[in-house]
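[1] Can you look at this prediction? I've put the sequence above it.
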Amino acid sequence: MQEYYRQIENHNFILKNYINDKTPHNIKVVLKISLTLIFFSEKPNFAIVNEAVEFSKKLKKHSLVNAVLRGVLRNKKDIQINKRNIPNNFVKICDDVFSNEKICSYICDSFFHKPQNYQISIEDKKNTIYEKRVAYLEKELEPNSFIQDIGNFEIINSIKEIYQDKNIIDICAAPGGKSILLHSYGFKVEAIDKSQRQIDKFLQNIKRMNLNIKISKKDFLKSKFPIYYNSILLDAPCSALGTFRRNPDVISKINEKNLKFNQNTQIKMIEKSLSLLNKNGILVYIVCSFHHFETMGVIDKVLQKHKTITIEKIQSDKMIKKDNGYFINPYSFKDIGGSDIFFVTALKKN
Ligand SMILES: C[S@@+](CC[C@H](N)C(=O)[O-])C[C@H]1O[C@@H](n2cnc3c(N)ncnc32)[C@H](O)[C@@H]1O
(Lines give C-alpha, C1' and ligand atoms only; values in the text may rest on other atoms or scores of the structure.)
Protein backbone atom coordinates (compact mmCIF):
# COMPACT_ATOMS: atom_id res chain seq x y z
CA MET A 1 0.00 0.00 0.00
CA GLN A 2 2.91 2.34 0.73
CA GLU A 3 4.17 1.91 -2.83
CA TYR A 4 0.63 2.51 -4.14
CA TYR A 5 0.65 5.95 -2.50
CA ARG A 6 4.28 6.73 -3.40
CA GLN A 7 3.59 6.05 -7.07
CA ILE A 8 0.16 7.67 -7.26
CA GLU A 9 1.21 10.58 -9.51
CA ASN A 10 3.51 8.41 -11.64
CA HIS A 11 0.62 6.02 -12.21
CA ASN A 12 -1.81 8.84 -13.02
CA PHE A 13 0.74 9.93 -15.59
CA ILE A 14 0.97 6.45 -17.20
CA LEU A 15 -2.82 5.97 -17.16
CA LYS A 16 -3.43 9.27 -19.00
CA ASN A 17 -2.52 7.39 -22.19
CA TYR A 18 -5.25 4.79 -21.67
CA ILE A 19 -8.22 6.30 -19.82
CA ASN A 20 -10.02 9.64 -19.54
CA ASP A 21 -11.74 11.74 -16.89
CA LYS A 22 -14.99 9.78 -17.30
CA THR A 23 -13.43 6.53 -16.05
CA PRO A 24 -15.06 5.75 -12.67
CA HIS A 25 -12.93 6.40 -9.59
CA ASN A 26 -13.12 2.73 -8.43
CA ILE A 27 -11.72 1.56 -11.75
CA LYS A 28 -8.86 4.07 -11.57
CA VAL A 29 -8.02 2.67 -8.12
CA VAL A 30 -8.11 -0.93 -9.44
CA LEU A 31 -5.79 0.08 -12.30
CA LYS A 32 -3.36 1.89 -9.99
CA ILE A 33 -3.23 -1.08 -7.61
CA SER A 34 -2.54 -3.33 -10.62
CA LEU A 35 0.26 -1.03 -11.84
CA THR A 36 1.81 -1.07 -8.36
CA LEU A 37 1.77 -4.89 -8.45
CA ILE A 38 3.09 -5.05 -12.03
CA PHE A 39 6.04 -2.77 -11.33
CA PHE A 40 6.78 -3.43 -7.66
CA SER A 41 5.86 -7.05 -6.87
CA GLU A 42 6.95 -10.52 -7.87
CA LYS A 43 3.38 -11.58 -8.62
CA PRO A 44 3.02 -12.99 -12.18
CA ASN A 45 1.50 -10.51 -14.62
CA PHE A 46 -1.26 -12.90 -15.77
CA ALA A 47 -2.46 -13.29 -12.16
CA ILE A 48 -2.51 -9.51 -11.63
CA VAL A 49 -4.56 -8.96 -14.80
CA ASN A 50 -6.94 -11.86 -14.02
CA GLU A 51 -7.65 -10.62 -10.53
CA ALA A 52 -8.24 -7.03 -11.68
CA VAL A 53 -10.55 -8.19 -14.49
CA GLU A 54 -12.52 -10.49 -12.15
CA PHE A 55 -12.96 -7.68 -9.63
CA SER A 56 -14.10 -5.18 -12.28
CA LYS A 57 -16.81 -7.53 -13.56
CA LYS A 58 -18.93 -6.37 -10.63
CA LEU A 59 -18.55 -2.81 -11.93
CA LYS A 60 -19.11 -3.90 -15.56
CA LYS A 61 -15.80 -2.40 -16.64
CA HIS A 62 -13.78 -5.59 -17.06
CA SER A 63 -13.17 -5.10 -20.80
CA LEU A 64 -11.68 -1.66 -20.16
CA VAL A 65 -9.46 -2.96 -17.31
CA ASN A 66 -8.32 -5.88 -19.45
CA ALA A 67 -7.48 -3.60 -22.39
CA VAL A 68 -5.59 -1.04 -20.28
CA LEU A 69 -3.50 -3.58 -18.38
CA ARG A 70 -2.63 -5.53 -21.52
CA GLY A 71 -1.68 -2.25 -23.20
CA VAL A 72 0.59 -1.37 -20.26
CA LEU A 73 2.21 -4.81 -20.33
CA ARG A 74 2.85 -4.52 -24.10
CA ASN A 75 4.65 -1.20 -23.50
CA LYS A 76 6.19 -2.17 -20.15
CA LYS A 77 9.80 -1.92 -21.38
CA ASP A 78 9.31 1.68 -22.55
CA ILE A 79 7.54 2.89 -19.41
CA GLN A 80 9.89 4.69 -17.05
CA ILE A 81 8.89 3.79 -13.52
CA ASN A 82 11.63 5.73 -11.78
CA LYS A 83 9.99 9.09 -12.50
CA ARG A 84 9.57 11.50 -9.64
CA ASN A 85 6.05 12.86 -10.20
CA ILE A 86 4.71 14.12 -6.91
CA PRO A 87 1.31 15.66 -6.06
CA ASN A 88 1.39 19.42 -6.77
CA ASN A 89 -0.13 20.38 -3.45
CA PHE A 90 2.77 18.70 -1.64
CA VAL A 91 5.38 20.62 -3.64
CA LYS A 92 3.58 23.88 -2.85
CA ILE A 93 3.34 23.21 0.90
CA CYS A 94 7.06 22.40 0.86
CA ASP A 95 7.97 25.59 -1.03
CA ASP A 96 5.87 27.72 1.32
CA VAL A 97 7.87 26.58 4.34
CA PHE A 98 11.40 25.96 3.12
CA SER A 99 11.56 28.37 0.10
CA ASN A 100 14.85 26.78 -0.92
CA GLU A 101 15.21 24.71 -4.07
CA LYS A 102 17.91 22.40 -2.68
CA ILE A 103 15.91 21.57 0.46
CA CYS A 104 12.58 21.19 -1.36
CA SER A 105 14.03 18.94 -4.00
CA TYR A 106 15.68 16.78 -1.29
CA ILE A 107 12.33 16.54 0.57
CA CYS A 108 10.36 15.66 -2.59
CA ASP A 109 12.92 13.04 -3.56
CA SER A 110 12.74 11.47 -0.08
CA PHE A 111 9.05 10.73 -0.74
CA PHE A 112 10.20 7.86 -2.99
CA HIS A 113 12.43 6.11 -0.46
CA LYS A 114 11.62 4.10 2.62
CA PRO A 115 13.07 6.04 5.57
CA GLN A 116 15.98 5.12 7.78
CA ASN A 117 14.88 3.73 11.15
CA TYR A 118 16.54 5.11 14.26
CA GLN A 119 16.67 4.04 17.90
CA ILE A 120 17.09 6.49 20.74
CA SER A 121 18.89 5.56 23.94
CA ILE A 122 17.82 6.83 27.35
CA GLU A 123 21.46 7.20 28.41
CA ASP A 124 24.56 8.57 26.70
CA LYS A 125 26.37 5.91 24.68
CA LYS A 126 29.40 5.35 22.49
CA ASN A 127 29.11 4.45 18.79
CA THR A 128 26.08 6.64 18.18
CA ILE A 129 25.49 8.65 15.02
CA TYR A 130 24.11 11.79 16.69
CA GLU A 131 24.33 13.49 20.10
CA LYS A 132 25.38 10.34 22.05
CA ARG A 133 21.79 9.09 21.97
CA VAL A 134 20.80 8.25 18.37
CA ALA A 135 21.81 5.03 16.60
CA TYR A 136 20.57 3.26 13.50
CA LEU A 137 17.98 0.56 14.13
CA GLU A 138 19.54 -2.49 12.55
CA LYS A 139 17.83 -5.80 13.35
CA GLU A 140 17.48 -5.70 17.12
CA LEU A 141 16.45 -2.87 19.41
CA GLU A 142 19.29 -2.28 21.90
CA PRO A 143 18.56 -2.40 25.67
CA ASN A 144 17.38 0.93 27.13
CA SER A 145 16.45 2.20 23.68
CA PHE A 146 13.21 2.93 21.89
CA ILE A 147 12.26 3.58 18.29
CA GLN A 148 11.80 7.20 17.33
CA ASP A 149 12.59 9.46 14.41
CA ILE A 150 15.71 11.59 14.70
CA GLY A 151 13.67 14.79 14.15
CA ASN A 152 11.55 13.91 17.16
CA PHE A 153 14.72 13.47 19.20
CA GLU A 154 16.06 16.82 17.98
CA ILE A 155 12.98 18.64 19.22
CA ILE A 156 13.20 17.39 22.79
CA ASN A 157 16.97 17.76 22.77
CA SER A 158 16.65 21.43 21.83
CA ILE A 159 13.70 22.48 23.99
CA LYS A 160 14.68 20.77 27.24
CA GLU A 161 16.75 23.77 28.38
CA ILE A 162 13.87 26.22 27.85
CA TYR A 163 11.83 24.77 30.68
CA GLN A 164 12.71 26.28 34.07
CA ASP A 165 10.73 23.68 36.02
CA LYS A 166 11.38 19.96 35.45
CA ASN A 167 7.91 18.97 36.68
CA ILE A 168 6.05 18.74 33.40
CA ILE A 169 2.68 17.62 32.07
CA ASP A 170 2.78 15.86 28.67
CA ILE A 171 -0.75 16.26 27.37
CA CYS A 172 -0.81 13.99 24.30
CA ALA A 173 1.82 11.63 25.60
CA ALA A 174 1.24 8.18 24.10
CA PRO A 175 2.98 6.08 22.81
CA GLY A 176 5.52 7.92 24.96
CA GLY A 177 8.51 8.90 22.83
CA LYS A 178 8.76 12.44 24.18
CA SER A 179 7.81 11.57 27.78
CA ILE A 180 10.51 8.88 27.89
CA LEU A 181 13.13 11.22 26.51
CA LEU A 182 12.19 14.00 28.95
CA HIS A 183 12.30 11.48 31.81
CA SER A 184 15.81 10.49 30.67
CA TYR A 185 16.86 14.15 30.96
CA GLY A 186 15.69 14.31 34.57
CA PHE A 187 12.11 15.59 34.12
CA LYS A 188 9.31 14.34 36.35
CA VAL A 189 6.62 13.67 33.77
CA GLU A 190 2.87 13.54 34.34
CA ALA A 191 1.60 11.90 31.16
CA ILE A 192 -1.96 11.85 29.84
CA ASP A 193 -3.59 10.61 26.65
CA LYS A 194 -7.17 9.87 25.64
CA SER A 195 -6.57 6.72 23.60
CA GLN A 196 -6.34 3.38 25.42
CA ARG A 197 -4.77 1.77 22.34
CA GLN A 198 -1.96 4.35 22.38
CA ILE A 199 -1.62 4.12 26.18
CA ASP A 200 -1.12 0.35 25.88
CA LYS A 201 1.86 1.00 23.59
CA PHE A 202 3.18 3.55 26.13
CA LEU A 203 2.87 0.98 28.94
CA GLN A 204 4.68 -1.67 26.86
CA ASN A 205 7.53 0.77 26.23
CA ILE A 206 8.02 1.80 29.85
CA LYS A 207 7.67 -1.78 31.09
CA ARG A 208 10.36 -2.97 28.65
CA MET A 209 12.72 -0.23 29.85
CA ASN A 210 11.67 -0.49 33.49
CA LEU A 211 10.87 3.23 33.81
CA ASN A 212 8.74 4.87 36.44
CA ILE A 213 6.44 7.15 34.42
CA LYS A 214 2.72 7.28 35.21
CA ILE A 215 0.16 7.75 32.46
CA SER A 216 -3.55 8.47 32.95
CA LYS A 217 -6.31 8.01 30.43
CA LYS A 218 -7.87 11.46 30.10
CA ASP A 219 -9.41 13.54 27.37
CA PHE A 220 -7.52 16.78 27.92
CA LEU A 221 -10.31 18.94 26.52
CA LYS A 222 -12.95 17.38 28.79
CA SER A 223 -10.96 16.95 32.02
CA LYS A 224 -10.57 19.25 35.00
CA PHE A 225 -7.09 19.91 36.43
CA PRO A 226 -6.68 20.89 40.10
CA ILE A 227 -3.27 22.59 39.75
CA TYR A 228 -1.40 25.03 37.51
CA TYR A 229 1.84 24.19 35.72
CA ASN A 230 5.14 25.89 34.89
CA SER A 231 6.00 23.40 32.12
CA ILE A 232 3.59 21.95 29.56
CA LEU A 233 4.29 19.85 26.46
CA LEU A 234 1.55 19.65 23.83
CA ASP A 235 2.33 17.25 20.98
CA ALA A 236 -1.02 17.82 19.33
CA PRO A 237 -2.94 15.50 16.99
CA CYS A 238 -2.45 16.56 13.35
CA SER A 239 -2.47 15.40 9.73
CA ALA A 240 0.97 13.74 10.25
CA LEU A 241 2.04 15.25 6.92
CA GLY A 242 5.64 15.42 8.19
CA THR A 243 5.77 11.61 8.34
CA PHE A 244 5.08 11.28 4.59
CA ARG A 245 8.12 9.05 4.00
CA ARG A 246 6.78 6.27 6.23
CA ASN A 247 3.09 7.10 5.67
CA PRO A 248 2.88 8.23 2.01
CA ASP A 249 -0.95 8.10 2.16
CA VAL A 250 -1.01 11.26 4.33
CA ILE A 251 -0.53 13.44 1.24
CA SER A 252 -3.70 12.11 -0.40
CA LYS A 253 -5.66 12.84 2.79
CA ILE A 254 -4.64 16.51 2.98
CA ASN A 255 -7.69 18.69 2.33
CA GLU A 256 -9.01 21.95 3.67
CA LYS A 257 -11.87 20.38 5.64
CA ASN A 258 -9.56 18.00 7.57
CA LEU A 259 -6.96 20.72 8.12
CA LYS A 260 -9.53 23.18 9.48
CA PHE A 261 -10.88 20.50 11.81
CA ASN A 262 -7.35 19.81 13.06
CA GLN A 263 -6.61 23.52 13.46
CA ASN A 264 -9.73 23.99 15.53
CA THR A 265 -8.71 21.17 17.90
CA GLN A 266 -5.12 22.40 18.07
CA ILE A 267 -6.22 25.93 19.01
CA LYS A 268 -8.64 24.58 21.66
CA MET A 269 -5.82 22.50 23.14
CA ILE A 270 -3.42 25.47 23.23
CA GLU A 271 -6.10 27.71 24.79
CA LYS A 272 -6.74 25.17 27.53
CA SER A 273 -3.00 24.63 28.08
CA LEU A 274 -2.48 28.38 28.46
CA SER A 275 -5.29 28.52 31.02
CA LEU A 276 -3.38 25.94 33.09
CA LEU A 277 -0.03 27.71 32.79
CA ASN A 278 1.44 29.82 35.62
CA LYS A 279 2.86 33.27 34.89
CA ASN A 280 6.33 32.85 33.31
CA GLY A 281 5.43 29.24 32.49
CA ILE A 282 6.37 27.61 29.17
CA LEU A 283 4.11 25.74 26.77
CA VAL A 284 5.83 23.88 23.94
CA TYR A 285 3.53 23.16 20.97
CA ILE A 286 4.63 20.43 18.54
CA VAL A 287 3.05 18.85 15.46
CA CYS A 288 4.48 16.36 12.97
CA SER A 289 3.18 18.51 10.13
CA PHE A 290 4.46 21.38 8.04
CA HIS A 291 1.16 22.60 6.64
CA HIS A 292 0.59 26.29 7.40
CA PHE A 293 -2.88 25.62 8.88
CA GLU A 294 -1.51 23.34 11.60
CA THR A 295 1.68 25.24 12.33
CA MET A 296 2.19 28.99 11.88
CA GLY A 297 -1.53 29.47 11.21
CA VAL A 298 -2.40 28.03 14.63
CA ILE A 299 0.17 30.17 16.45
CA ASP A 300 -0.90 33.33 14.54
CA LYS A 301 -4.45 32.92 15.80
CA VAL A 302 -3.31 32.25 19.38
CA LEU A 303 -1.01 35.30 19.41
CA GLN A 304 -3.73 37.56 18.04
CA LYS A 305 -5.92 36.65 21.00
CA HIS A 306 -3.33 36.42 23.80
CA LYS A 307 -1.21 39.57 23.78
CA THR A 308 0.85 38.51 26.82
CA ILE A 309 2.28 35.43 25.09
CA THR A 310 5.80 35.63 23.62
CA ILE A 311 7.84 33.18 21.57
CA GLU A 312 11.03 31.76 23.09
CA LYS A 313 14.17 31.27 21.04
CA ILE A 314 15.10 27.66 20.22
CA GLN A 315 18.76 26.86 19.52
CA SER A 316 19.28 24.18 16.86
CA ASP A 317 21.20 24.10 13.61
CA LYS A 318 18.84 21.33 12.46
CA MET A 319 15.80 23.62 12.37
CA ILE A 320 14.64 26.51 10.22
CA LYS A 321 12.98 29.49 11.90
CA LYS A 322 9.88 30.74 10.12
CA ASP A 323 7.52 33.44 11.45
CA ASN A 324 6.41 32.20 14.86
CA GLY A 325 8.06 28.77 15.07
CA TYR A 326 10.71 26.32 13.93
CA PHE A 327 10.63 23.48 11.40
CA ILE A 328 12.96 20.49 11.50
CA ASN A 329 15.06 20.67 8.33
CA PRO A 330 15.46 17.09 7.00
CA TYR A 331 18.25 18.25 4.69
CA SER A 332 20.44 18.89 7.73
CA PHE A 333 20.26 15.14 8.51
CA LYS A 334 20.82 14.05 4.91
CA ASP A 335 24.17 12.36 5.58
CA ILE A 336 22.66 10.08 8.22
CA GLY A 337 19.35 9.27 6.53
CA GLY A 338 17.11 12.34 6.75
CA SER A 339 14.23 12.92 9.15
CA ASP A 340 10.51 13.48 9.46
CA ILE A 341 9.40 17.13 9.51
CA PHE A 342 8.09 18.65 12.73
CA PHE A 343 7.00 22.12 13.76
CA VAL A 344 7.77 23.38 17.24
CA THR A 345 7.27 26.60 19.09
CA ALA A 346 7.82 27.52 22.75
CA LEU A 347 5.25 29.96 24.17
CA LYS A 348 5.90 31.94 27.35
CA LYS A 349 3.05 33.37 29.43
CA ASN A 350 4.13 36.82 30.63
C1 LIG B 1 1.20 12.93 17.91
S2 LIG B 1 0.52 11.75 18.96
C3 LIG B 1 1.53 11.90 20.37
C4 LIG B 1 2.86 11.22 20.26
C5 LIG B 1 3.65 11.22 21.57
N6 LIG B 1 3.77 12.55 22.14
C7 LIG B 1 5.03 10.62 21.41
O8 LIG B 1 6.01 11.40 21.33
O9 LIG B 1 5.14 9.40 21.37
C10 LIG B 1 -0.96 12.54 19.46
C11 LIG B 1 -1.65 11.86 20.62
O12 LIG B 1 -2.68 12.75 21.06
C13 LIG B 1 -3.68 11.97 21.65
N14 LIG B 1 -4.89 12.83 21.79
C15 LIG B 1 -5.66 13.33 20.80
N16 LIG B 1 -6.65 14.10 21.32
C17 LIG B 1 -6.49 14.09 22.67
C18 LIG B 1 -7.18 14.67 23.77
N19 LIG B 1 -8.28 15.43 23.56
N20 LIG B 1 -6.74 14.44 25.02
C21 LIG B 1 -5.64 13.68 25.25
N22 LIG B 1 -4.95 13.08 24.23
C23 LIG B 1 -5.35 13.28 22.97
C24 LIG B 1 -3.82 10.80 20.68
O25 LIG B 1 -4.42 9.70 21.33
C26 LIG B 1 -2.35 10.54 20.31
O27 LIG B 1 -1.80 9.53 21.10
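    That came in fine, so what should we check first? Numbering: from 1, shown residues only.
[2] can you list the domains in the protein?
    With domains defined by automatic domain parsing, the chain comprises 2-78, 150-349.
[3] Tell me which of those sits most buried.
    Among these, ranked by average contacts under mean count of other Cβ atoms under 10 Å, first place goes to domain 150-349 (a mean of 19). To be clear about C-beta, it is placed using only N, CA and C from the backbone, and glycine gets the same treatment.
[4] all strands for the stretch 51-200 of the chain, in order.
    118-121, 134-136, 145-147, 167-170, 188-193 (DSSP state E, counting those that start in this stretch).
[5] re earlier: quick one, which of the domains of the chain is nearest to residue 113?
    Ranking those by proximity to residue 113 (Cβ to Cβ) places domain 150-349 first, at 6.9 Å.
[6] Phi and psi next, for the closest residue to residue 73 other than its chain neighbours.
    In space, and not counting its chain neighbours, residue 73 is closest to residue 45: 5.7 Å by Cβ to Cβ, 6 or more residues apart in numbering. For residue 45, the backbone dihedrals (degrees, to the nearest 10) come out as phi -60, psi -40.
[7] hey, least reliable of the domains of the chain by pLDDT?
    Note on those: lowest mean pLDDT is at domain 2-78, with a mean of 94.
[8] Would you check that my belief about residue 346 contacting residue 282 is correct?
    Yes - between residue 346 and residue 282 there is a contact under Cβ atoms under 8 Å: 5.8 Å.
[9] Mind listing the shared neighbours of these two?
    Residues touching both residue 346 and residue 282 (Cβ atoms under 8 Å, 6 or more residues apart in numbering): 162, 312.
[10] quick revisit: how near is the residue nearest to residue 73 to the ligand?
    41 Å (Cβ to the nearest ligand atom, to the nearest Å).
[11] Around the ligand, pick out the residues from the stretch 101-250 of the chain.
    Taking Cβ under 6 Å from any ligand atom, the part of the stretch 101-250 of the chain that reaches the ligand is made up of 172-178, 192-195, 198, 219-221, 235, 237.
[12] and those residues, which of them are in helices?
    177, 178, 198 (DSSP state H).
[13] Output those in a markdown table, with distance to residue 83 appended to each entry.
    Below are these laid out as a markdown table (distance: Cβ to Cβ, whole Å):
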| residue | distance to residue 83 |
| --- | --- |
| 177 | 35 |
| 178 | 37 |
| 198 | 37 |
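[14] tell me, what residue is most central in this structure?
    Centroid check for the chain by Cα atoms, centre = their mean gives residue 243 as the closest residue, at 2.8 Å.
[15] Dihedrals phi and psi, the residue lying closest to that residue once chain neighbours are set aside?
    Once flanking residues are discounted, residue 243 sits nearest to residue 340: 5.0 Å by Cβ to Cβ, 6+ apart. Phi and psi for residue 340, reported as degrees, to the nearest 10, are phi -70, psi 170.
[16] Residue 5 touches residue 252, doesn't it?
    Yes - using Cβ under 8 Å, residue 5 makes contact with residue 252 at a distance of 6.3 Å.
[17] can I assume residue 211 is in contact with residue 181?
    No - using Cβ under 8 Å, residue 211 is not in contact with residue 181, being 11.0 Å away.
[18] Need the overlap of contacts for these two.
    Common neighbours of residue 211 and residue 181 (Cβ under 8 Å, 6+ apart) are residue 122.
[19] List the contacts of residue 311.
    299, 324, 325, 345, 346, 347, 348 are the contacts of residue 311 under Cβ under 8 Å, 6+ apart.
[20] tell me the secondary structure for the fifth one?
    Going by DSSP: H, G, I helix; E, B strand; the rest coil, the secondary structure assigned to residue 346 is strand.
[21] Please report how far it lies from residue 232.
    10 Å (Cβ to Cβ, to the nearest Å).
[22] any common contacting residues for these two?
    Contacts common to residue 346 and residue 232, judged by Cβ under 8 Å, 6+ apart, are 282, 283, 284.
[23] Let me know the closest of those residues to the ligand.
    Sorting the shared contacts of residue 346 and residue 232 by distance to the ligand puts residue 284 at the head of the list, at 11.1 Å, by Cβ to the nearest ligand atom.
[24] mind checking which helix or strand that closest one is in?
    strand 277-287 (DSSP states H and E).
[25] before we move on, the earlier item: want to try TSV for the contacts of residue 311, with distance to the ligand as columns?
    Listed next are the contacts of residue 311 as TSV, based on distance: Cβ to the nearest ligand atom, whole Å:
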residue	distance to the ligand
299	17
324	20
325	16
345	15
346	16
347	17
348	21
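[26] a markdown table for the residues you listed, including distance to residue 95?
    Shown next, in a markdown table, are the contacts of residue 311 (distance: Cβ to Cβ, whole Å):
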| residue | distance to residue 95 |
| --- | --- |
| 299 | 20 |
| 324 | 19 |
| 325 | 18 |
| 345 | 21 |
| 346 | 26 |
| 347 | 27 |
| 348 | 31 |
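[27] so which of these comes closest to residue 205?
    residue 346 (25.4 Å).
[28] The chain: helices as residue ranges?
    Assigned by DSSP H, the helices in the chain fall at 2-6, 8-15, 25-40, 45-57, 62-74, 88-98, 101-110, 150-159, 177-184, 196-208, 250-253, 256-275, 296-305.
[29] Now for residue 5 and residue 252: what residues contact both?
    With Cβ under 8 Å, 6+ apart, residue 5 and residue 252 have no common neighbours.
[30] Average pLDDT for stretch 110-122, rounded please.
    On average, stretch 110-122 scores 94.
[31] Give me the contacts around it.
    With Cβ under 8 Å, 6+ apart, stretch 110-122 has contacts from 2, 6, 84, 86, 90, 128, 132-137, 141-142, 144-150, 153, 177, 180-181, 183-184, 209, 211, 244-246, 248, 251, 330, 336-338, 340.
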